[in-house]
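# Fold the following, please.
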Amino acid sequence: MQVHFIAIGGAAMHNLALALHENGDVVTGSDDAIYNPSKSRLDEVGILPPEMGWFSEKIHEALDAVILGMHAREDNPELQKAQDLGLNIFSYPEYLYEQSKNKLRVVVGGSHGKTTITSMILHVLQCANMDCDYMVGAQLDGFKTMVKLSDAPVIVLEGDEYLSSPIDRRPKFHLYRPHVALLSGIAWDHINVFPTFSNYLKQFELFIGQIQDGGYLTYCSEDETLNIISSSNPEIETEPYQLPEYKIEEGKTYITHEGGETELEIFGAHNLLNMMGALNVCKQLGLSEATFFNAMSSFKGASRRLEKIFEREGMLVYKDFAHSPSKVRATVKAVKEQFKDYKVITGLELHTFSSLNKSFLAEYKNTMSGVDVAYVYFDPESVAHKKLEDLSEELVYESFDRKDLKVFVDSSEYCESIRKEVNSKTVVLLMSSGNFGGVVLEDFAKSL
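Next up is the predicted model:
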């Protein structure tokens with residue numbers, strides 16, 4: 001197969017390109033900018049574009065497929081030529097479905113936790129020596145790429161509700177048509193695409209309707225909305241999951257189950273809920289509860305999902321991808337509960353379109369309650385780049401409704417303020433889908 005990627009540098013796109021190259025396909029690609037780790041990984045296998053930009057001459061009739069990334073625009077010259085030639089053009093979720101029509105498809109969706117749950121399932125399947133294909137939104141220990149396509153009978157897919165491509169406005173998880181599905185919860189997000197909660201909710205109702213007849217859905221029973229819509233497809237089996245019995249002793253979490261007690265590397269109620277959803281999926285794939293918990297004892301988490309990036313005596317530093325209100329609230333709560341005897345410093349960057357939107361900021365009210373120090377950073381240049389109305393530090397402060405909250409627009413001042421708060425027994429939690437204005441978090445953590 002000859003496959004060309006338009007916008008090859010994206011996280012999912014470059015991993016799919018690596019997977020196809022690994023399978024022996026001839027892979028080419030273009031992008032207007034590629035950053036690490038995508039750049040170095042593509043270069044390592046020889047498929048990094050030699051120069052940045054869009055080149056219509058790369059599109060020719062011998063191509064079996066053109067895969068279009070969300071980063072490209074509708075007027076992209078390579079896309080226009082591919083359309084003129086009548087080539088097969090796919091978004092990456094559409095291509096994944098085409099490659100998995102004859103497989104058992106497992107899809108993990110929800111506003112939060114889907115990367116972690118997908119990672120848990122893959123970790124357990126790997127420990128159990130069960131072969132499967134997959135697509136997951138984070139790099140995992142023991143996995144070469146975030147995408148694998150082979151002749152395995154099962155594929156596990158993280159089901160994102162964001163749009164598929166510039167010319168395919170369907171949410172990605174609408175394209176997968178699962179046999180086994182999981183929904184972790186619904187909390188309004190992506191307001192640039194789904195301007196109202198009802199519009200956002202509709203996407204999950206449609207997803208449930210696309211589960212194959214005779215299929216299976218497991219969902220978090222603590223989500224009131226899911227309790228209502230989970231029964232909307234009468235042709236499938238549904239099963240709720242809930243928080244298990246657990247305890248925390250000396251900073252370690254222990255889960256109680258039928259087989260006894262297991263010490264976990266992960267912590268936090270939201271992660272334990274994620275784990276119980278993953279358990280239900282793995283049971284559908286024929287694994288026992290004992291096999292599941294034995295494997296979960298060694299699961300350290302997905303990249304940037306409550307990931308410990310530094311530790312020394314009396315201090316730990318975690319980074320987390322949390323950016324939406326529900327994710328921030330759950331992550332902050334988890335850290336405070338796990339480290340009750342520590343001073344907890346939380347730093348959040350507002351980086352996404354939704355989080356920098358004035359009409360959405362109120363959703364962050366009380367999300368950083370209960371911790372000792374709470375800081376918020378945003379970059380006015382990001383606001384301008386996203387063509388949003390200017391934000392004031394005062395409005396951000398008022399939205400979180402915490403009197404001692406401090407808001408920063410200078411990343412150096414933000415970092416120095418965190419540094420001054422560190423004492424002999426401190427946990428620092430850094431939350432963002434960005435990088436705090438160019439801060440290398442691992443280096444910053446070590447400097448503390």
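# all contacts plus neighbour counts: C-alpha atoms, from now on.
OK.
# measure the spatially most central residue of the chain to Ser165 for me?
Most central in the chain under C-alpha atoms, centre = their mean is Thr115, positioned 4.5 Å from the mean C-alpha point. In this structure, Thr115 lies at 20 Å from Ser165, with C-alpha to C-alpha, to the nearest Å as the measure.
# The residue nearest to Arg419 when sequence neighbours are not counted and Val281, how far apart?
What sits nearest to Arg419 in space, not counting adjacent residues and going by C-alpha to C-alpha, 6 or more residues apart in numbering, is Leu448, at 6.1 Å. From Leu448 across to Val281, the span is 41 Å (C-alpha to C-alpha).
# So for those two, which sits in the more crowded spot?
Here Leu448 and Val281 are compared on neighbour count by other C-alpha atoms under 10 Å; more neighbours surround Val281, at 24 against 19.
# Next up, the contacts around the more buried one.
Contact analysis of Val281 by C-alpha atoms under 8 Å, 6 or more residues apart in numbering lists Ile121, Val180, Ala181, Leu182, Thr218.
# so which of those residues is the most crowded?
By neighbour count, taken as other C-alpha under 10 Å, the most surrounded of the contacts of Val281 turns out to be Leu182 (30 neighbours).
# Please identify the helix or strand for it.
strand 180-183 (DSSP states H and E).
# tell me the average confidence for that strand?
Per-residue confidence for strand 180-183 averages out to 98 on the pLDDT scale.
# Pull out the CA atoms of it and give them to me as PDB.
Listed next in PDB are the C-alpha coordinates belonging to strand 180-183 (Å, rounded to 0.1, in the frame of the first residue of the first chain):
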ATOM      1  CA  VAL A 180     -18.000  -3.600  23.400                       C
ATOM      2  CA  ALA A 181     -18.200   0.000  24.600                       C
ATOM      3  CA  LEU A 182     -17.500   2.000  27.800                       C
ATOM      4  CA  LEU A 183     -18.600   5.500  28.800                       C
END
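# Next SSE downstream of it?
Proceeding N to C from strand 180-183, the next assigned helix or strand is helix 197-209, under DSSP H and E.
# Relative to whichever helix or strand comes after that next one, what are the paired strands and their orientations?
Later in the chain than helix 197-209, the nearest helix or strand by DSSP H and E is strand 216-220. Sheet neighbours of strand 216-220, with direction, are listed as strand 180-183 (parallel), strand 237-241 (parallel) (DSSP bridges).
# ok, which stretches of the chain are helices?
Here the chain has its helices, by DSSP state H, at 11-22, 38-44, 77-85, 92-98, 114-127, 197-209, 224-229, 269-284, 289-296, 325-338, 380-385, 393-400, 411-421, 441-447.
# list the buried ones in the longest one?
By neighbour count with 16 or more other C-alpha atoms under 10 Å, helix 269-284 contains the buried residues 269-282.
# with those residues in mind, which one is nearest to Glu205?
For Glu205, the closest of the buried residues of helix 269-284 turns out to be Gly277, at 18.8 Å, with distances computed as C-alpha to C-alpha.
# so who does the nearest residue to Thr145 once chain neighbours are set aside touch?
Distances taken as C-alpha to C-alpha, 6+ apart place Asn15 nearest to Thr145, at 5.9 Å, with adjacent residues excluded. Listed by C-alpha under 8 Å, 6+ apart, the contact set of Asn15 reads Thr145, Met146, Val147.
# again, but for Glu413
Residues in contact with Glu413, defined by C-alpha under 8 Å, 6+ apart, are absent; none qualify.
# quick one: it and Phe310, what's the gap?
Distance from Glu413 to Phe310, counting by C-alpha to C-alpha: 21 Å.
# And Val317, by the same measure?
Summarising the geometry, the distance separating Val317 from Phe310, computed by C-alpha to C-alpha, is 5 Å.
# And those two? Which one has more around it.
Higher neighbour count among Val317 and Phe310: Val317, with 24 against 19, using other C-alpha under 10 Å.
# for the protein, what's the longest strand?
Taking DSSP state E as the criterion, the chain has its longest strand at strand 343-350.
# Need the contact partners of that one.
Residues lying outside strand 343-350 but in contact with it, judged by C-alpha under 8 Å, 6+ apart, are 323, 332, 335-336, 356, 368, 371-379, 418, 421, 423, 425-434, 436.
# Now with 6 Å, please.
Outside strand 343-350, the residues within contact range by C-alpha atoms under 6 Å, 6 or more residues apart in numbering are 371-378, 426-432.
# now, which of these sits nearest Ala82?
The shortest gap between Ala82 and any of the contacts of strand 343-350 belongs to Ser432, at 36.5 Å (C-alpha to C-alpha).
# contacting residues around the strand holding Leu182?
In this structure, residues lying in contact with strand 180-183 by C-alpha under 6 Å, 6+ apart are Val106, Val107, Val108, Gly109, Gly110, Gly215, Tyr216, Leu217, Thr218, Tyr219.
# Narrow these to those that are buried.
In the contacts of strand 180-183, burial by neighbour count holds for Val106, Val107, Val108, Gly109, Gly110, Gly215, Tyr216, Leu217, Thr218, Tyr219, counting by 16+ other C-alpha under 10 Å.
# Can you lay out those residues as TSV showing distance to Arg170 and pLDDT?
Compiled in TSV, those are given as follows (distance: C-alpha to C-alpha, whole Å; pLDDT from 0 to 100):
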residue	distance to Arg170	pLDDT
Val106	19	98
Val107	16	98
Val108	17	98
Gly109	15	97
Gly110	16	95
Gly215	22	98
Tyr216	22	98
Leu217	21	98
Thr218	23	98
Tyr219	22	98
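# picking up where we left off before, narrow the contacts of strand 343-350 to those in strands?
Using DSSP E, the members of the contacts of strand 343-350 that fall within strands are Val373, Ala374, Tyr375, Val376, Tyr377, Phe378, Thr426, Val427, Val428, Leu429, Leu430, Met431.
# can you tell me which of the residues you listed lies nearest to Ala138?
For Ala138, the nearest member of the ones in strands among the contacts of strand 343-350 is Met431. The distance, counting by C-alpha to C-alpha, is 15.7 Å.
# quick one: the closest one and Pro325, what's the gap?
For Met431 relative to Pro325 (C-alpha to C-alpha), the value is 11 Å.
# quick one on the thing from earlier: which two of the contacts of strand 343-350 lie the greatest distance from each other?
Maximum pairwise distance among the contacts of strand 343-350 (C-alpha to C-alpha): 23.8 Å, between Phe378 and Thr426.
# Comparing those two, which residue is more hemmed in?
For Phe378 and Thr426, the more surrounded residue by other C-alpha under 10 Å is Phe378, and the numbers stand at 25 against 20.
# Quantify the burial of Ala19 by counting its neighbouring residues.
Close neighbours of Ala19, defined as other C-alpha under 10 Å, add up to 20.
# Many thanks, I have nothing further to ask.
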